[in-house]
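> Sequence isn't available, so here's the structure alone:
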């Protein structure tokens, strides 16, 4: 029997570029959420991916934080 938590990954397309460090600020906020396992930002194509424990967090929980940052243009 495995003790591994069920994982999921959410992807978001960001807008606004990163001229004010907003993507990095968002990465730190998401990384601080209980249940987030990994956050990756691709500054070239302005996307962010979040790998998370789906028993402790939902995609909607993550999307709320992304939406609050005013940096999301659409989710994938």
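All right, it came through fine. Only a predicted model underlies this, so the values are computations on that prediction, with no experimental measurement involved.

> list the contacts for the residue most central in space within the chain?
Central residue of the chain (C-alpha atoms, centre = their mean): residue 50, 4.0 Å from the mean position. Residue 50 makes contacts with 9, 10, 11, 12, 30, 36, 38, 39, 62, as judged by C-beta atoms under 8 Å, 6 or more residues apart in numbering. To be clear about C-beta, it is placed using only N, CA and C from the backbone, and glycine gets the same treatment.

> Repeat that for residue 6.
53, 54, 55.

> how about the strand or helix carrying residue 62: buried residues?
Residue 62 is part of helix 59-68 when elements are defined by DSSP states H and E. If you call a residue buried by 16 or more other C-beta atoms under 10 Å, then helix 59-68 has these buried ones: 59, 62, 65, 66.

> how close does the last one get to residue 12?
Residue 66 is 5 Å from residue 12, where distance means C-beta to C-beta, to the nearest Å.

> Could you list the low-pLDDT ranges of this structure?
Counting by pLDDT under 70, the ranges of the chain that qualify are 1-3, 16-20, 70-76.

> residue ranges for the strands of it, please.
Using DSSP state E, the strands of the chain run over 7-14, 36-42, 47-53, 72-75.

> how about the nearest residue to residue 57, chain neighbours excluded?
residue 35 (3.4 Å; C-beta to C-beta, 6 or more residues apart in numbering).

> could you list every residue that touches that neighbour?
Residue 35 is in contact with 52, 53, 55, 56, 57, counting by C-beta under 8 Å, 6+ apart.

> Specify the angle between the helix holding residue 62 and strand 47-53 in degrees.
If you take axes from the mean of the first three to the mean of the last three C-alpha atoms, to 10 degrees, helix 59-68 sits at 150 degrees to strand 47-53.
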